[in-house]
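> predicted coordinates and the sequence they were generated for:
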Amino acid sequence: MKIIFRIKIFLLIFFTIASGKTFGVNPEYRLTAGNAVQTGSNSLEFDISIIHTNSSVSQFEYAGGQYFFDFNLNISNGGSLIYTIIDSDLPVSLQPRNPVVFVSGGEMQLRLSLNIFPSPGQGYIISNQLPGTKIARMKLMTNSETFDVQYFSLRWRNGPVNPFTKLFAYVNSKLTEITNPGSHFIDSLTNPLPVELSSFSSAVSGNRVTLNWSTVREMNNAGFEIYRKENSDDKFKKIAFVKGAGNSNEIKNYLYSDLKLQQGIYFYRLKQIDYNGNYEFFNLENEAVVSAPLYNELMQNYPNPFNPQTKIDYQLSTESSVSIKIYDILGKEISILVNEYKSPGYYTVFFDGSNLPGGVYYYLITAGGFSDSRRMIILK
């Protein structure tokens, strides 16, 4: 029996030396808070992850941890903050507990309390392969409509004043604190990837300018404000907003049509806005030229049928005296909408049928040698 016992010890020692593993060595790690994404105007998420960095000489049997951060309270925009765990690679019993926002010593803290320690041999083996083991994906929300326009400014709370971040592992079945503040990092929480615009162009059709732009990457993109300036104007004026994709690593294409413009030269710009209020301007390099119409035309009223109001668009290629009249189905003149001299351009006139019974009516335009008519319906 002694000979067999010695052989077993020899084999154990030989295996340990040959494999390079000396499980009495404390595991080393890299602990990172990163992969932050603002998922809405009042919510953001980030990962707390850990990777085993000396796996050639140690085993990392994770027994537990508590994770504490300081951060900039002002992002709450005056609202209350809610801190939650939404995902983890760890079994529920080993996940840190009781996420809470807490004030201590004048600093705002995000807290994840220590889990209940498992028995030796029942811990979680931490990965030595990138991206490591996800301790938790966290979500922080404010009950205000939006976060304030400020940096999150997340920092590990590493002491010396309690509470601070601590990690524990089983080393040779002994519960051991392995906390190393020098291995705690923050990754890309204050410098998100920008929105990368790959193109911005315009196309003119009649009195409509269509803007097209594309992005190849977006991070925290709430959307684009669209600004227009006519050649005679001093300043750009906001005319529209187009919602962004939020976060994307794919090509996204956007389109906006600026309608019913008068003859003139127009300049456009985009104001890309992050969820946190940061912004960047992109200018359209060329001007958009809306020329005078090439021909006279009367458009169908819109809406049609209608009750009680509708609008009628028309265009003139030359200066002329213009008349637009409304007739009932029997040809009786009901109303005169336009009766004046007009320059070349694009026009809209409104018609109110509140005092008329429902039915079919006609409107007729005469402008110089041009005339045309269309049918419209009042529904009552």
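Good, I have the coordinates.

> quick one, phi psi at Leu90?
Torsion angles at Leu90 (phi, psi; degrees, to the nearest 10) stand at phi -80, psi 150.

> check contacts around it.
For Leu90, the set of contacting residues under the criterion of Cβ atoms under 8 Å, 6 or more residues apart in numbering consists of 62, 124, 133-136. Where you see a C-beta, it was placed from the backbone N, CA and C, and this is true even at glycine.

> highest neighbour count among those?
Comparing those by number of neighbours (other Cβ atoms under 10 Å), Ile135 comes first, having 27 neighbours.

> check which helix or strand covers that residue.
strand 133-142 (DSSP states H and E).

> identify all contacting residues around that strand.
Outside of strand 133-142, the residues that reach it under the criterion Cβ under 8 Å, 6+ apart are 39, 42-51, 62, 65, 67, 75-77, 79-90, 95-96, 99, 101, 110, 112, 124, 126-127.

> can you give me the helices for the stretch 1-150 of the chain?
For the stretch 1-150 of the chain, applying DSSP state H, counting those that start in this stretch gives helices covering 2-19.

> low pLDDT regions in it?
Segments of the stretch 1-150 of the chain classed as low confidence (criterion: pLDDT under 70) are 1-23, 105-106, 149.

> please name the nearest non-neighbouring residue to the residue positioned nearest the centre of the chain.
The central residue of the chain, meaning the one whose C-alpha is nearest the mean C-alpha position (Cα atoms, centre = their mean), is Gly246 at 2.1 Å. Sequence neighbours aside, Asn221 is the residue nearest to Gly246 in space, at 6.0 Å (criterion: Cβ to Cβ, 6 or more residues apart in numbering).

> how about the contacts made by that neighbour?
195, 215, 244-248, 272-275.

> of those, buried ones?
For those, burial is judged from neighbour counts taken by 16 or more other Cβ atoms under 10 Å, and it is met by 195, 215, 244-247, 272-275.

> tell me which two of those sit farthest apart.
Between any two of those, the greatest separation by Cβ to Cβ is 15.4 Å, found for Thr215 and Tyr275.

> near Phe37, how many other residues are there?
Slight slip there: residue 37 is Val, not Phe. The burial metric for Val37, expressed as a neighbour count using other Cβ under 10 Å, is 18.

> actually, Ala36.
Residues near Ala36, counting by other Cβ under 10 Å, number 23.

> the residue nearest to the centre of the chain against Asn220, yeah?
Yes. Distance between Gly246 and Asn220: 7.2 Å, which falls inside the contact criterion (Cβ atoms under 8 Å).

> got any residues that touch both of these two?
Counting by Cβ under 8 Å, 6+ apart, the contacts common to Gly246 and Asn220 are 38, 275.

> quick one: end-to-end length of stretch 48-67, please.
The separation between the terminal residues of stretch 48-67, taken as Cα to Cα, to the nearest Å, is 9 Å.

> next, the buried residues of that stretch.
Within stretch 48-67, the residues scored as buried using 16+ other Cβ under 10 Å are 48-53, 55, 58-67.

> with stretch 322-338 instead?
Buried residues in stretch 322-338, defined by neighbour count with 16+ other Cβ under 10 Å: 322, 324-326, 338.

> now it, how far from the centre of its chain.
The chain centroid and the centroid of stretch 322-338 are separated by 52 Å under Cα atoms, centre = their mean, to the nearest Å.

> hey, what's Ser323 bridged with?
Beta-bridge partners of Ser323, counted by DSSP bridges, are Asn339, Thr366.

> list the contacts for it?
336, 338-339, 364-367 are the contacts of Ser323 under Cβ under 8 Å, 6+ apart.

> nearest to Trp156 among those?
Within these, the smallest distance to Trp156 is 71.6 Å, found for Val338 (Cβ to Cβ).

> any idea how far that closest one is from Leu356?
Val338 sits 18 Å away from Leu356, going by Cβ to Cβ, to the nearest Å.

> test my guess that Ile85 contacts Val100.
No. In this structure Ile85 lies outside contact range of Val100 using Cβ under 8 Å: 11.3 Å.

> looking at these two, which is more packed in?
Neighbours were tallied for Ile85 and for Val100 using other Cβ under 10 Å; the higher tally belongs to Ile85 (17 against 14).

> tell me who's in contact with the more buried one.
Under the criterion of Cβ under 8 Å, 6+ apart, the contact list for Ile85 reads 95-96, 99, 112, 136-139.

> what sits opposite it in the beta ladder?
Here Ile85 sits in beta bridges with Met138, going by DSSP bridges.

> check the buried residues of stretch 322-338 and tell me the two furthest apart.
Farthest apart among the buried residues of stretch 322-338 by Cβ to Cβ are Val322 and Ile326. That separation is 14.5 Å.

> give the contact list for Gly359.
Counting by Cβ under 8 Å, 6+ apart, Gly359 has contacts 328-329, 377-378.

> longest strand in this protein, please.
For the chain, the strand reaching the highest residue count under DSSP state E is reported as strand 208-230.

> so what strands line up beside it?
Each strand that pairs with strand 208-230, with its direction, by DSSP bridges: strand 196-205 (antiparallel), strand 237-248 (antiparallel), strand 252-258 (antiparallel), strand 264-274 (antiparallel).

> right, I'll call it a day here.
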